[in-house]
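In: dropping the sequence and predicted coords here.
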Amino acid sequence: MSDKLDDMEVAALRRLLDRQAIVECVINSCRGVDRGDEPVFRSAYHPDAVEDHGSYIGELDGLVEFLRGAMAPFSGYQRYVSNFEVDIDGDEAHVESYYLITLRQAVGTSLMVNGGRYLDRLERWDGRWGIVTRVVISEWGARWDGSGTPEDSGFVPARMDKEDLSYQRPLQVTRGNRSH
């Protein structure tokens with residue numbers, strides 16, 4: 001048995017690496033917003049990207065400002081992305097992924113939940129995949145009473161900035177994490 005990969009195995013490996021890089025772009029677009037990390041958010045896109053995000057249609061710089069304002073009324077939010085359908089054709093890929101976003105209003109206890117899909121076209125430029133076109137499709141939404149707060153739970157509190165514990169290197173378990 002040879003340790004060398006044949007041409008089909010090399011092509012399959014390239015496809016897996018491309019698929020993983022593409023999925024990471026979609027995930028980084030969500031993580032960047034949820035953590036308030038603009039560089040991570042921008043890393044998911046190519047600079048001349050265009051997005052249809054409901055009430056905002058336009059380029060990346062405007063999208064960053066739109067999302068910053070759209071998230072301001074909420075004290076916490078998370079996006080979950082799944083069900084990736086990735087169609088790669090050379091240096092272009094079309095991706096459909098499902099999203100679920102949960103948002104807690106900063107004033108009051110109301111929770112909003114929205115589910116839908118991201119339709120993305122990505123391109124590989126100089127070896128790097130990035131979103132060039134995105135259309136956000138909202139499929140459903142709901143509101144409900146969100147009584148109770150994360151602060152009452154005894155868990156480490158979430159942050160919407162780089163003080164969030166997910167940035168700590170190396171990660172440590174200490175009571176001091178409660179003050180983040």
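Out: On my side now, so go ahead.
In: and stretch 52-63, how far apart are its ends?
Out: Counting by C-alpha to C-alpha, to the nearest Å, you get 9 Å between the two ends of stretch 52-63.
In: how about stretch 97-113?
Out: 17 Å.
In: then stretch 37-53?
Out: 19 Å.
In: cool, stretch 50-60 as well?
Out: OK, stretch 50-60 end separation, C-alpha to C-alpha: 6 Å.
In: so what's the residue nearest to Leu122 when sequence neighbours are not counted up against?
Out: Distance criterion C-beta to C-beta, 6 or more residues apart in numbering; nearest residue to Leu122, sequence neighbours excluded, is Ala93 at 4.6 Å. C-beta coordinates here come from the backbone N, C-alpha and C atoms, glycine included. Ala93 makes contact with Asp18, Ile22, Val86, Asp87, Asp120, Arg121, Leu122, Glu123, Arg124, Trp129 under the criterion C-beta atoms under 8 Å, 6 or more residues apart in numbering.
In: for Thr102, state which of those residues is nearest.
Out: Asp120 (21.5 Å; C-beta to C-beta).
In: quick one, longest strand in the protein?
Out: strand 128-145 (DSSP state E).
In: mind listing the strands it pairs with, and their directions?
Out: strand 45-53 (parallel), strand 110-125 (antiparallel) (DSSP bridges).
In: what does it contact?
Out: 18, 21-22, 25-26, 29, 43-46, 48-54, 93, 109-123.
In: now it: how far from the chain's centre is it?
Out: Computed by C-alpha atoms, centre = their mean, to the nearest Å, the chain-centroid distance of strand 128-145 equals 10 Å.
In: hey, C-alpha coordinates of it in PDB?
Out: Below are the C-alpha coordinates for strand 128-145, written out as PDB (Å, rounded to 0.1, in the frame of the first residue of the first chain):
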ATOM      1  CA  ARG A 128      -8.800  33.100   0.100                       C
ATOM      2  CA  TRP A 129     -12.500  32.400   0.000                       C
ATOM      3  CA  GLY A 130     -14.800  35.300   0.800                       C
ATOM      4  CA  ILE A 131     -18.500  36.300   0.400                       C
ATOM      5  CA  VAL A 132     -19.100  38.500  -2.600                       C
ATOM      6  CA  THR A 133     -22.900  38.400  -2.600                       C
ATOM      7  CA  ARG A 134     -25.400  37.500   0.200                       C
ATOM      8  CA  VAL A 135     -29.200  37.500   0.300                       C
ATOM      9  CA  VAL A 136     -30.800  37.000   3.700                       C
ATOM     10  CA  ILE A 137     -34.100  35.200   3.500                       C
ATOM     11  CA  SER A 138     -36.300  35.400   6.700                       C
ATOM     12  CA  GLU A 139     -38.700  32.500   6.900                       C
ATOM     13  CA  TRP A 140     -40.300  33.100  10.300                       C
ATOM     14  CA  GLY A 141     -40.100  35.200  13.500                       C
ATOM     15  CA  ALA A 142     -41.600  35.200  17.000                       C
ATOM     16  CA  ARG A 143     -41.500  37.200  20.200                       C
ATOM     17  CA  TRP A 144     -42.000  35.900  23.700                       C
ATOM     18  CA  ASP A 145     -41.600  36.900  27.300                       C
END
